[in-house]
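Participant: let me see the structure of the following:
(4 chains)
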Protein chains: 2
Amino acid sequence: MGGMTVVGICEDDPDVRRVLTDALKMGGHRVVIARNGREAVENLGRDSGVEVLVLDIGLPDADGRDVCHALRAAGQHAPVLFLTAFDAVHDRVSGFHAGGDDYVVKPFAISEVLVRIESLVRRARPQPESTSGLVLNPDRVSVHVGDREVTLTPTEFRLLAAIAVEPGSIVRRRTAVAAAWPDGAIVNENTIDSYIRRLRVKLALIDSPVELATVRGVGFTLR
Amino acid sequence: MGGMTVVGICEDDPDVRRVLTDALKMGGHRVVIARNGREAVENLGRDSGVEVLVLDIGLPDADGRDVCHALRAAGQHAPVLFLTAFDAVHDRVSGFHAGGDDYVVKPFAISEVLVRIESLVRRARPQPESTSGLVLNPDRVSVHVGDREVTLTPTEFRLLAAIAVEPGSIVRRRTAVAAAWPDGAIVNENTIDSYIRRLRVKLALIDSPVELATVRGVGFTLR
DNA sequence: GCGAACCTGCACAGCACCTGACTGCATGGA
DNA sequence: TCCATGCAGTCAGGTGCTGTGCAGGTTCGC
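Facilitator: Okay, here's the model as predicted:
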(Lines give C-alpha, C1' and ligand atoms only; values in the text may rest on other atoms or scores of the structure.)
Protein backbone atom coordinates (compact mmCIF):
# COMPACT_ATOMS: atom_id res chain seq x y z
CA MET A 1 0.00 0.00 0.00
CA GLY A 2 1.12 3.56 0.00
CA GLY A 3 4.14 3.12 2.23
CA MET A 4 7.79 3.31 1.50
CA THR A 5 9.30 0.80 -0.84
CA VAL A 6 12.90 -0.30 -0.95
CA VAL A 7 14.09 -0.23 -4.56
CA GLY A 8 17.29 -1.87 -5.67
CA ILE A 9 18.97 -0.30 -8.68
CA CYS A 10 21.74 -1.79 -10.78
CA GLU A 11 22.96 0.72 -13.33
CA ASP A 12 26.43 1.75 -14.45
CA ASP A 13 25.62 5.14 -15.93
CA PRO A 14 25.94 7.72 -13.10
CA ASP A 15 23.49 10.11 -14.74
CA VAL A 16 20.76 7.54 -15.09
CA ARG A 17 21.43 6.40 -11.49
CA ARG A 18 21.10 9.96 -10.32
CA VAL A 19 17.83 10.60 -12.09
CA LEU A 20 16.29 7.38 -10.87
CA THR A 21 17.47 7.82 -7.31
CA ASP A 22 16.21 11.38 -7.06
CA ALA A 23 12.85 10.55 -8.52
CA LEU A 24 12.35 7.54 -6.27
CA LYS A 25 13.35 9.44 -3.15
CA MET A 26 10.95 12.20 -4.13
CA GLY A 27 8.32 9.53 -4.39
CA GLY A 28 8.99 8.51 -0.80
CA HIS A 29 11.02 5.38 -1.44
CA ARG A 30 14.37 4.11 -0.28
CA VAL A 31 17.06 3.20 -2.76
CA VAL A 32 19.88 0.66 -2.67
CA ILE A 33 22.54 1.16 -5.31
CA ALA A 34 24.70 -1.24 -7.27
CA ARG A 35 27.10 0.01 -9.91
CA ASN A 36 27.66 -3.29 -11.63
CA GLY A 37 26.79 -6.96 -11.56
CA ARG A 38 29.14 -7.82 -8.76
CA GLU A 39 27.76 -5.16 -6.48
CA ALA A 40 24.25 -6.22 -7.40
CA VAL A 41 24.83 -9.73 -6.16
CA GLU A 42 26.41 -8.30 -3.02
CA ASN A 43 23.89 -5.60 -2.17
CA LEU A 44 20.57 -6.64 -3.67
CA GLY A 45 20.32 -10.25 -2.56
CA ARG A 46 17.71 -12.15 -0.72
CA ASP A 47 18.14 -10.56 2.68
CA SER A 48 18.77 -7.04 1.54
CA GLY A 49 15.18 -5.99 2.16
CA VAL A 50 14.82 -4.89 -1.44
CA GLU A 51 11.26 -5.21 -2.67
CA VAL A 52 11.70 -4.42 -6.35
CA LEU A 53 14.69 -4.42 -8.67
CA VAL A 54 15.65 -2.13 -11.53
CA LEU A 55 18.32 -3.79 -13.66
CA ASP A 56 20.13 -2.34 -16.62
CA ILE A 57 20.55 -4.89 -19.35
CA GLY A 58 23.81 -3.43 -20.62
CA LEU A 59 26.23 -3.51 -17.73
CA PRO A 60 30.00 -3.26 -18.15
CA ASP A 61 30.81 -6.48 -16.36
CA ALA A 62 27.70 -8.53 -16.99
CA ASP A 63 24.42 -8.84 -18.78
CA GLY A 64 21.54 -7.65 -16.63
CA ARG A 65 19.74 -10.88 -17.33
CA ASP A 66 22.61 -12.85 -15.90
CA VAL A 67 22.45 -10.66 -12.85
CA CYS A 68 18.77 -11.48 -12.61
CA HIS A 69 19.56 -15.18 -12.85
CA ALA A 70 22.17 -14.91 -10.16
CA LEU A 71 19.88 -13.03 -7.83
CA ARG A 72 17.04 -15.47 -8.41
CA ALA A 73 19.35 -18.35 -7.72
CA ALA A 74 20.25 -16.70 -4.45
CA GLY A 75 16.64 -16.63 -3.38
CA GLN A 76 15.82 -13.07 -4.41
CA HIS A 77 12.29 -13.13 -5.77
CA ALA A 78 11.51 -9.44 -5.92
CA PRO A 79 9.98 -8.36 -9.24
CA VAL A 80 12.35 -6.93 -11.81
CA LEU A 81 12.12 -3.96 -14.12
CA PHE A 82 14.67 -4.20 -16.92
CA LEU A 83 16.10 -1.14 -18.58
CA THR A 84 17.08 -1.83 -22.17
CA ALA A 85 18.74 0.29 -24.81
CA PHE A 86 16.60 1.19 -27.76
CA ASP A 87 18.57 -0.87 -30.22
CA ALA A 88 18.26 -3.96 -28.10
CA VAL A 89 14.50 -4.26 -28.02
CA HIS A 90 14.66 -7.69 -29.57
CA ASP A 91 16.23 -8.78 -26.32
CA ARG A 92 12.94 -8.17 -24.65
CA VAL A 93 11.87 -11.75 -25.02
CA SER A 94 14.94 -13.14 -23.41
CA GLY A 95 14.57 -10.58 -20.67
CA PHE A 96 11.23 -12.02 -19.75
CA HIS A 97 12.53 -15.48 -20.13
CA ALA A 98 15.05 -14.70 -17.47
CA GLY A 99 12.23 -14.28 -15.03
CA GLY A 100 11.93 -10.54 -15.32
CA ASP A 101 8.58 -8.95 -14.89
CA ASP A 102 8.67 -5.75 -16.89
CA TYR A 103 10.92 -3.67 -19.10
CA VAL A 104 11.41 -0.10 -20.14
CA VAL A 105 13.30 1.04 -23.21
CA LYS A 106 15.91 3.76 -22.89
CA PRO A 107 15.61 6.65 -23.21
CA PHE A 108 12.66 6.62 -20.87
CA ALA A 109 10.36 9.07 -19.21
CA ILE A 110 11.10 8.97 -15.53
CA SER A 111 7.43 9.14 -14.72
CA GLU A 112 6.84 5.95 -16.62
CA VAL A 113 9.53 4.15 -14.70
CA LEU A 114 8.05 5.33 -11.42
CA VAL A 115 4.59 4.15 -12.34
CA ARG A 116 5.85 0.79 -13.44
CA ILE A 117 7.91 0.26 -10.33
CA GLU A 118 4.97 0.93 -8.11
CA SER A 119 2.79 -1.27 -10.22
CA LEU A 120 5.33 -4.06 -9.90
CA VAL A 121 5.40 -3.73 -6.15
CA ARG A 122 1.64 -3.86 -5.93
CA ARG A 123 1.37 -7.00 -7.89
CA ALA A 124 4.35 -8.72 -6.35
CA ARG A 125 3.12 -12.19 -5.83
CA PRO A 126 3.11 -13.69 -2.39
CA GLN A 127 6.53 -15.16 -1.65
CA PRO A 128 7.17 -18.29 -3.60
CA GLU A 129 7.21 -21.23 -1.32
CA SER A 130 10.38 -21.17 0.69
CA THR A 131 10.75 -23.96 3.13
CA SER A 132 13.30 -23.78 5.89
CA GLY A 133 16.15 -23.16 3.52
CA LEU A 134 14.63 -24.98 0.59
CA VAL A 135 13.78 -22.57 -2.20
CA LEU A 136 11.77 -23.53 -5.24
CA ASN A 137 12.49 -21.44 -8.26
CA PRO A 138 9.83 -21.67 -10.98
CA ASP A 139 11.84 -19.44 -13.28
CA ARG A 140 14.62 -21.94 -13.50
CA VAL A 141 12.65 -25.08 -12.70
CA SER A 142 15.13 -25.68 -9.96
CA VAL A 143 15.43 -25.98 -6.23
CA HIS A 144 18.28 -24.66 -4.17
CA VAL A 145 19.41 -24.41 -0.59
CA GLY A 146 22.15 -22.03 0.33
CA ASP A 147 24.38 -21.74 -2.70
CA ARG A 148 23.79 -25.26 -3.92
CA GLU A 149 21.25 -25.83 -6.64
CA VAL A 150 19.86 -28.61 -8.79
CA THR A 151 17.62 -28.26 -11.78
CA LEU A 152 14.56 -30.46 -11.87
CA THR A 153 12.49 -31.79 -14.68
CA PRO A 154 9.06 -30.17 -15.05
CA THR A 155 7.30 -33.16 -13.56
CA GLU A 156 9.72 -33.37 -10.69
CA PHE A 157 9.18 -29.70 -10.03
CA ARG A 158 5.39 -29.92 -10.00
CA LEU A 159 5.50 -32.82 -7.61
CA LEU A 160 7.91 -31.17 -5.22
CA ALA A 161 5.97 -27.92 -5.40
CA ALA A 162 2.78 -29.72 -4.48
CA ILE A 163 4.37 -31.24 -1.43
CA ALA A 164 6.16 -28.04 -0.46
CA VAL A 165 3.09 -25.83 -0.46
CA GLU A 166 2.74 -26.45 3.23
CA PRO A 167 5.88 -27.75 4.82
CA GLY A 168 5.23 -30.05 7.72
CA SER A 169 1.75 -31.07 6.76
CA ILE A 170 1.11 -34.22 4.83
CA VAL A 171 0.06 -34.21 1.20
CA ARG A 172 -1.92 -37.28 0.37
CA ARG A 173 -0.75 -39.53 -2.41
CA ARG A 174 -3.78 -38.92 -4.57
CA THR A 175 -3.47 -35.20 -4.11
CA ALA A 176 0.15 -35.22 -5.10
CA VAL A 177 -0.63 -37.24 -8.21
CA ALA A 178 -3.51 -34.99 -9.18
CA ALA A 179 -1.28 -31.97 -8.71
CA ALA A 180 1.74 -33.21 -10.60
CA TRP A 181 -0.16 -34.80 -13.47
CA PRO A 182 -2.86 -32.20 -14.02
CA ASP A 183 -4.40 -33.07 -17.36
CA GLY A 184 -6.24 -36.07 -16.10
CA ALA A 185 -3.45 -38.39 -17.11
CA ILE A 186 -3.65 -41.86 -15.73
CA VAL A 187 -0.27 -42.88 -14.50
CA ASN A 188 0.89 -46.08 -12.97
CA GLU A 189 0.57 -46.15 -9.19
CA ASN A 190 4.26 -46.77 -8.99
CA THR A 191 5.28 -43.81 -11.10
CA ILE A 192 5.02 -41.38 -8.25
CA ASP A 193 7.35 -43.53 -6.20
CA SER A 194 9.97 -43.29 -8.89
CA TYR A 195 9.69 -39.53 -8.93
CA ILE A 196 9.85 -39.32 -5.16
CA ARG A 197 13.03 -41.28 -5.31
CA ARG A 198 14.51 -39.01 -7.96
CA LEU A 199 13.64 -36.00 -5.89
CA ARG A 200 15.31 -37.54 -2.86
CA VAL A 201 18.47 -38.15 -4.81
CA LYS A 202 18.53 -34.59 -6.09
CA LEU A 203 17.80 -33.13 -2.68
CA ALA A 204 20.64 -35.18 -1.26
CA LEU A 205 22.91 -33.75 -3.94
CA ILE A 206 22.51 -30.29 -2.48
CA ASP A 207 22.66 -31.42 1.13
CA SER A 208 19.10 -30.39 1.71
CA PRO A 209 18.31 -29.96 5.40
CA VAL A 210 14.71 -30.94 4.80
CA GLU A 211 13.78 -34.52 4.22
CA LEU A 212 11.17 -35.74 1.78
CA ALA A 213 9.54 -38.24 4.08
CA THR A 214 6.95 -40.92 3.50
CA VAL A 215 3.97 -41.22 5.79
CA ARG A 216 2.96 -44.78 5.20
CA GLY A 217 -0.62 -45.22 4.09
CA VAL A 218 -1.18 -41.46 3.79
CA GLY A 219 1.25 -39.56 1.64
CA PHE A 220 4.39 -37.47 1.75
CA THR A 221 5.69 -34.57 3.76
CA LEU A 222 8.63 -32.23 4.04
CA ARG A 223 10.47 -32.03 7.31
CA MET B 1 -8.79 -40.33 6.55
CA GLY B 2 -9.31 -37.68 4.24
CA GLY B 3 -12.11 -38.98 2.25
CA MET B 4 -13.94 -37.18 -0.37
CA THR B 5 -14.67 -33.50 -0.12
CA VAL B 6 -17.43 -31.65 -1.91
CA VAL B 7 -15.97 -28.57 -3.56
CA GLY B 8 -18.11 -25.74 -4.91
CA ILE B 9 -16.66 -23.84 -7.83
CA CYS B 10 -17.86 -20.52 -9.17
CA GLU B 11 -15.96 -19.62 -12.32
CA ASP B 12 -17.08 -18.28 -15.67
CA ASP B 13 -14.11 -19.37 -17.78
CA PRO B 14 -14.86 -22.88 -19.11
CA ASP B 15 -11.17 -23.73 -19.44
CA VAL B 16 -10.37 -22.85 -15.87
CA ARG B 17 -13.47 -24.72 -14.73
CA ARG B 18 -12.34 -27.73 -16.66
CA VAL B 19 -8.83 -27.76 -15.26
CA LEU B 20 -10.04 -27.34 -11.71
CA THR B 21 -12.73 -29.97 -12.02
CA ASP B 22 -10.38 -32.51 -13.54
CA ALA B 23 -7.71 -32.01 -10.92
CA LEU B 24 -10.19 -32.17 -8.06
CA LYS B 25 -11.81 -35.32 -9.35
CA MET B 26 -8.39 -36.86 -9.78
CA GLY B 27 -7.77 -35.97 -6.18
CA GLY B 28 -10.85 -37.91 -5.18
CA HIS B 29 -13.30 -35.08 -4.60
CA ARG B 30 -16.74 -34.17 -5.83
CA VAL B 31 -17.40 -30.91 -7.59
CA VAL B 32 -20.45 -28.66 -7.77
CA ILE B 33 -20.33 -26.06 -10.53
CA ALA B 34 -21.65 -22.55 -10.79
CA ARG B 35 -21.05 -20.48 -13.92
CA ASN B 36 -21.84 -17.13 -12.43
CA GLY B 37 -22.97 -15.35 -9.29
CA ARG B 38 -26.59 -16.27 -9.71
CA GLU B 39 -25.89 -19.96 -10.07
CA ALA B 40 -23.52 -19.77 -7.12
CA VAL B 41 -26.26 -18.55 -4.82
CA GLU B 42 -28.55 -21.23 -6.18
CA ASN B 43 -26.19 -24.20 -6.13
CA LEU B 44 -23.60 -23.53 -3.47
CA GLY B 45 -25.75 -22.42 -0.58
CA ARG B 46 -26.05 -23.58 2.94
CA ASP B 47 -27.68 -26.94 2.30
CA SER B 48 -25.77 -27.84 -0.83
CA GLY B 49 -23.40 -30.07 1.07
CA VAL B 50 -20.45 -28.06 -0.21
CA GLU B 51 -17.55 -28.07 2.23
CA VAL B 52 -15.24 -25.57 0.59
CA LEU B 53 -15.76 -22.86 -2.02
CA VAL B 54 -13.59 -21.72 -4.90
CA LEU B 55 -14.76 -18.31 -6.10
CA ASP B 56 -13.48 -16.31 -9.02
CA ILE B 57 -13.21 -12.66 -8.15
CA GLY B 58 -13.89 -11.43 -11.66
CA LEU B 59 -17.24 -12.81 -12.67
CA PRO B 60 -19.31 -11.39 -15.52
CA ASP B 61 -22.37 -10.65 -13.43
CA ALA B 62 -20.86 -10.01 -10.02
CA ASP B 63 -17.75 -9.60 -7.93
CA GLY B 64 -16.73 -12.85 -6.29
CA ARG B 65 -16.55 -11.12 -2.97
CA ASP B 66 -20.16 -10.08 -3.27
CA VAL B 67 -21.02 -13.67 -4.04
CA CYS B 68 -19.18 -14.64 -0.90
CA HIS B 69 -21.10 -12.09 1.12
CA ALA B 70 -24.37 -13.33 -0.28
CA LEU B 71 -23.54 -16.94 0.51
CA ARG B 72 -22.44 -16.03 4.01
CA ALA B 73 -25.64 -14.13 4.56
CA ALA B 74 -27.51 -17.26 3.52
CA GLY B 75 -25.79 -19.28 6.19
CA GLN B 76 -23.01 -20.80 4.10
CA HIS B 77 -19.95 -20.91 6.34
CA ALA B 78 -17.62 -23.08 4.27
CA PRO B 79 -14.13 -21.65 3.85
CA VAL B 80 -13.42 -19.80 0.62
CA LEU B 81 -10.50 -19.85 -1.76
CA PHE B 82 -10.56 -16.81 -4.02
CA LEU B 83 -9.12 -16.78 -7.51
CA THR B 84 -7.94 -13.35 -8.52
CA ALA B 85 -6.56 -12.08 -11.79
CA PHE B 86 -2.93 -11.11 -11.81
CA ASP B 87 -3.53 -7.40 -12.33
CA ALA B 88 -6.08 -7.16 -9.55
CA VAL B 89 -3.99 -8.46 -6.73
CA HIS B 90 -3.89 -5.15 -4.95
CA ASP B 91 -7.59 -5.65 -4.36
CA ARG B 92 -6.80 -8.26 -1.82
CA VAL B 93 -6.46 -5.58 0.81
CA SER B 94 -10.21 -5.37 0.81
CA GLY B 95 -10.10 -7.99 3.45
CA PHE B 96 -10.86 -11.47 2.38
CA HIS B 97 -8.38 -12.79 4.84
CA ALA B 98 -11.20 -12.16 7.26
CA GLY B 99 -12.59 -15.67 7.66
CA GLY B 100 -9.32 -17.54 7.63
CA ASP B 101 -9.85 -17.86 3.93
CA ASP B 102 -7.24 -17.96 1.24
CA TYR B 103 -6.58 -16.67 -2.23
CA VAL B 104 -4.61 -17.70 -5.27
CA VAL B 105 -3.47 -15.48 -8.10
CA LYS B 106 -4.19 -16.35 -11.71
CA PRO B 107 -2.50 -17.83 -13.57
CA PHE B 108 -2.06 -20.43 -10.89
CA ALA B 109 -0.42 -23.79 -10.53
CA ILE B 110 -3.13 -26.39 -10.12
CA SER B 111 -1.02 -28.14 -7.56
CA GLU B 112 -1.11 -25.09 -5.35
CA VAL B 113 -4.87 -24.75 -5.63
CA LEU B 114 -5.41 -28.41 -4.86
CA VAL B 115 -3.26 -28.44 -1.77
CA ARG B 116 -4.65 -25.14 -0.54
CA ILE B 117 -8.20 -26.37 -0.90
CA GLU B 118 -7.49 -29.46 1.13
CA SER B 119 -5.67 -27.42 3.70
CA LEU B 120 -8.69 -25.16 4.06
CA VAL B 121 -10.95 -28.14 4.55
CA ARG B 122 -8.71 -29.60 7.21
CA ARG B 123 -8.53 -26.35 9.07
CA ALA B 124 -12.28 -25.93 8.95
CA ARG B 125 -13.06 -29.40 10.18
CA PRO B 126 -14.00 -30.00 13.80
CA GLN B 127 -10.95 -28.71 15.56
CA PRO B 128 -10.21 -31.56 17.87
CA GLU B 129 -9.24 -31.94 21.44
CA SER B 130 -6.53 -29.70 22.66
CA THR B 131 -7.77 -30.62 26.10
CA SER B 132 -5.63 -32.16 28.77
CA GLY B 133 -2.42 -31.30 27.00
CA LEU B 134 -2.88 -34.00 24.42
CA VAL B 135 -3.20 -32.60 20.90
CA LEU B 136 -4.23 -34.67 17.92
CA ASN B 137 -3.01 -33.34 14.61
CA PRO B 138 -4.90 -34.72 11.60
CA ASP B 139 -2.60 -32.85 9.23
CA ARG B 140 0.30 -34.91 10.34
CA VAL B 141 -1.45 -38.02 11.59
CA SER B 142 0.29 -37.44 14.83
CA VAL B 143 -0.29 -36.65 18.47
CA HIS B 144 1.84 -34.37 20.57
CA VAL B 145 2.05 -33.03 24.08
CA GLY B 146 4.30 -30.10 24.76
CA ASP B 147 7.10 -30.32 22.26
CA ARG B 148 7.15 -34.07 22.05
CA GLU B 149 5.38 -35.74 19.18
CA VAL B 150 4.82 -39.19 17.75
CA THR B 151 3.35 -40.04 14.40
CA LEU B 152 0.67 -42.69 14.36
CA THR B 153 -0.54 -45.06 11.72
CA PRO B 154 -3.91 -44.14 10.21
CA THR B 155 -5.71 -46.84 12.17
CA GLU B 156 -4.03 -45.86 15.41
CA PHE B 157 -5.02 -42.27 14.79
CA ARG B 158 -8.68 -43.04 14.11
CA LEU B 159 -8.89 -45.13 17.25
CA LEU B 160 -7.28 -42.53 19.47
CA ALA B 161 -9.40 -39.80 17.95
CA ALA B 162 -12.52 -41.80 18.68
CA ILE B 163 -11.58 -42.17 22.32
CA ALA B 164 -10.39 -38.60 22.67
CA VAL B 165 -13.59 -36.96 21.47
CA GLU B 166 -14.32 -36.04 25.03
CA PRO B 167 -11.67 -36.73 27.58
CA GLY B 168 -13.09 -38.25 30.73
CA SER B 169 -16.12 -39.74 29.09
CA ILE B 170 -16.15 -43.42 28.36
CA VAL B 171 -16.18 -44.71 24.80
CA ARG B 172 -17.67 -48.16 24.38
CA ARG B 173 -15.65 -50.88 22.80
CA ARG B 174 -18.14 -51.23 19.99
CA THR B 175 -18.13 -47.52 19.34
CA ALA B 176 -14.37 -47.36 19.20
CA VAL B 177 -14.20 -50.29 16.79
CA ALA B 178 -16.84 -48.76 14.55
CA ALA B 179 -14.93 -45.50 14.47
CA ALA B 180 -11.51 -46.93 13.80
CA TRP B 181 -12.66 -49.47 11.23
CA PRO B 182 -15.30 -47.48 9.37
CA ASP B 183 -16.28 -49.70 6.48
CA GLY B 184 -17.95 -52.29 8.64
CA ALA B 185 -14.86 -54.44 8.70
CA ILE B 186 -15.08 -57.46 10.91
CA VAL B 187 -12.04 -57.58 13.07
CA ASN B 188 -11.02 -59.94 15.77
CA GLU B 189 -12.23 -58.85 19.17
CA ASN B 190 -8.68 -58.88 20.35
CA THR B 191 -7.31 -56.67 17.60
CA ILE B 192 -8.47 -53.54 19.35
CA ASP B 193 -6.56 -54.58 22.43
CA SER B 194 -3.40 -54.75 20.39
CA TYR B 195 -3.97 -51.23 19.13
CA ILE B 196 -4.74 -49.93 22.58
CA ARG B 197 -1.47 -51.34 23.70
CA ARG B 198 0.44 -49.71 20.88
CA LEU B 199 -1.19 -46.41 21.63
CA ARG B 200 -0.17 -46.72 25.26
CA VAL B 201 3.40 -47.37 24.27
CA LYS B 202 3.45 -44.38 21.95
CA LEU B 203 1.82 -42.13 24.51
CA ALA B 204 4.42 -43.21 27.03
CA LEU B 205 7.12 -42.27 24.54
CA ILE B 206 6.08 -38.65 24.74
CA ASP B 207 5.50 -38.69 28.50
CA SER B 208 1.82 -38.10 28.04
CA PRO B 209 0.15 -36.83 31.20
CA VAL B 210 -3.12 -38.45 30.21
CA GLU B 211 -3.60 -42.15 30.57
CA LEU B 212 -5.47 -44.37 28.15
CA ALA B 213 -7.45 -46.27 30.73
CA THR B 214 -9.64 -49.33 30.49
CA VAL B 215 -13.10 -49.34 32.01
CA ARG B 216 -13.65 -52.99 32.49
CA GLY B 217 -16.75 -54.33 30.79
CA VAL B 218 -17.53 -51.00 29.12
CA GLY B 219 -14.77 -49.46 27.07
CA PHE B 220 -11.94 -46.98 27.24
CA THR B 221 -11.38 -43.44 28.44
CA LEU B 222 -8.73 -40.76 28.70
CA ARG B 223 -7.72 -39.35 32.04
C1' DG C 1 -11.26 -69.32 43.74
C1' DC C 2 -13.46 -69.13 39.30
C1' DG C 3 -14.64 -67.26 34.85
C1' DA C 4 -14.64 -63.45 31.96
C1' DA C 5 -12.40 -59.51 30.43
C1' DC C 6 -8.24 -57.67 29.42
C1' DC C 7 -3.06 -57.36 28.76
C1' DT C 8 1.23 -58.79 26.59
C1' DG C 9 4.47 -60.49 23.46
C1' DC C 10 5.08 -62.52 19.32
C1' DA C 11 4.59 -64.16 14.73
C1' DC C 12 3.23 -63.76 10.12
C1' DA C 13 1.17 -62.42 5.73
C1' DG C 14 0.09 -58.74 2.69
C1' DC C 15 0.94 -54.71 0.92
C1' DA C 16 2.81 -50.12 0.63
C1' DC C 17 6.78 -48.49 -0.62
C1' DC C 18 11.71 -48.55 -2.40
C1' DT C 19 15.09 -49.47 -5.89
C1' DG C 20 17.48 -49.84 -10.14
C1' DA C 21 17.02 -50.58 -14.71
C1' DC C 22 14.60 -50.34 -18.97
C1' DT C 23 11.68 -48.58 -23.01
C1' DG C 24 9.77 -45.14 -25.89
C1' DC C 25 9.48 -40.47 -27.17
C1' DA C 26 10.79 -35.76 -28.07
C1' DT C 27 14.35 -32.52 -28.92
C1' DG C 28 18.28 -30.55 -30.77
C1' DG C 29 22.67 -30.55 -32.78
C1' DA C 30 26.16 -32.46 -36.17
C1' DT D 1 19.14 -37.33 -41.73
C1' DC D 2 20.92 -39.65 -37.92
C1' DC D 3 22.58 -39.83 -33.44
C1' DA D 4 22.96 -38.15 -28.64
C1' DT D 5 20.62 -36.63 -24.87
C1' DG D 6 17.25 -36.23 -21.49
C1' DC D 7 12.60 -36.82 -19.86
C1' DA D 8 8.43 -39.58 -18.88
C1' DG D 9 6.60 -43.56 -17.57
C1' DT D 10 6.83 -48.71 -16.59
C1' DC D 11 8.34 -52.95 -14.62
C1' DA D 12 10.08 -56.62 -11.67
C1' DG D 13 12.05 -57.72 -7.52
C1' DG D 14 13.07 -56.76 -2.89
C1' DT D 15 12.23 -54.80 1.98
C1' DG D 16 10.07 -53.48 6.00
C1' DC D 17 6.06 -51.73 8.22
C1' DT D 18 1.16 -52.41 9.39
C1' DG D 19 -2.59 -54.79 10.44
C1' DT D 20 -4.07 -58.85 12.32
C1' DG D 21 -4.55 -62.92 15.09
C1' DC D 22 -2.98 -66.24 18.53
C1' DA D 23 -1.49 -68.17 22.87
C1' DG D 24 -0.73 -67.56 27.28
C1' DG D 25 -0.52 -64.71 31.36
C1' DT D 26 -2.83 -61.31 34.48
C1' DT D 27 -6.42 -58.75 36.65
C1' DC D 28 -11.00 -57.92 38.09
C1' DG D 29 -15.67 -58.93 39.70
C1' DC D 30 -18.33 -62.03 42.07
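Participant: which residues of chain A fall in helices?
Facilitator: With DSSP state H as the criterion, chain A has helices at A:14-26, A:37-43, A:64-73, A:92-97, A:110-122, A:154-164, A:173-180, A:191-205.
Participant: the ones you listed: lowest mean pLDDT?
Facilitator: Looking at these, the lowest mean pLDDT belongs to helix A:92-97 (a mean of 38).
Participant: kindly report the domain assignment for chain A.
Facilitator: For chain A, automatic domain parsing gives the domain ranges A:6-122, A:130-222.
Participant: adding mean neighbour count and distance to B:Arg172, write these out as JSON lines.
Facilitator: Just so you know, the C-beta spots here come from the backbone N, C-alpha and C atoms, and that holds for glycine as well. Output for those, formatted as JSON lines (neighbours: other Cβ atoms under 10 Å in any protein chain shown; distance: least, Cβ to Cβ, whole Å):
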{"stretch": "domain A:6-122", "mean neighbour count": "18", "distance to B:Arg172": "54"}
{"stretch": "domain A:130-222", "mean neighbour count": "18", "distance to B:Arg172": "26"}
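Participant: could you point out which of those sits nearest chain B?
Facilitator: Across the domains of chain A, the minimum distance to chain B, taken as Cβ to the nearest Cβ, is reached by domain A:130-222, at 3.2 Å.
Participant: follow-up on the earlier one: columns distance to B:Gly168 on top of the helices of chain A, output as JSON lines?
Facilitator: Output for the helices of chain A, formatted as JSON lines (distance: least, Cβ to Cβ, whole Å):
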{"stretch": "helix A:14-26", "distance to B:Gly168": "63"}
{"stretch": "helix A:37-43", "distance to B:Gly168": "60"}
{"stretch": "helix A:64-73", "distance to B:Gly168": "55"}
{"stretch": "helix A:92-97", "distance to B:Gly168": "62"}
{"stretch": "helix A:110-122", "distance to B:Gly168": "53"}
{"stretch": "helix A:154-164", "distance to B:Gly168": "38"}
{"stretch": "helix A:173-180", "distance to B:Gly168": "36"}
{"stretch": "helix A:191-205", "distance to B:Gly168": "42"}
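Participant: mind checking the domains of chain A for the one nearest to DNA strand D?
Facilitator: domain A:130-222 (2.9 Å; Cβ to the nearest atom of the strand).
Participant: spatially central residue for chain A, please.
Facilitator: A:His77 (3.7 Å; Cα atoms, centre = their mean).
Participant: and that one, how far from A:Val187?
Facilitator: 31 Å (Cβ to Cβ, to the nearest Å).
Participant: on that earlier part again, in TSV: the domains of chain A, plus distance to chain B.
Facilitator: What follows is the domains of chain A, written out as TSV (distance: least, Cβ to the nearest Cβ, whole Å):
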stretch	distance to chain B
domain A:6-122	4
domain A:130-222	3
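Participant: distance to B:Thr214 for those domains - can I get that in CSV?
Facilitator: Shown next, in CSV, are these (distance: least, Cβ to Cβ, whole Å):
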stretch, distance to B:Thr214
domain A:6-122, 54
domain A:130-222, 27
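Participant: for DNA strand C, find the nearest of the ones you listed.
Facilitator: Across those, DNA strand C has its closest neighbour in domain A:130-222 (3.6 Å, Cβ to the nearest atom of the strand).
Participant: now that closest one, how far from the chain's geometric center?
Facilitator: Domain A:130-222 has its average C-alpha position 18 Å from the chain's average C-alpha position, going by Cα atoms, centre = their mean, to the nearest Å.
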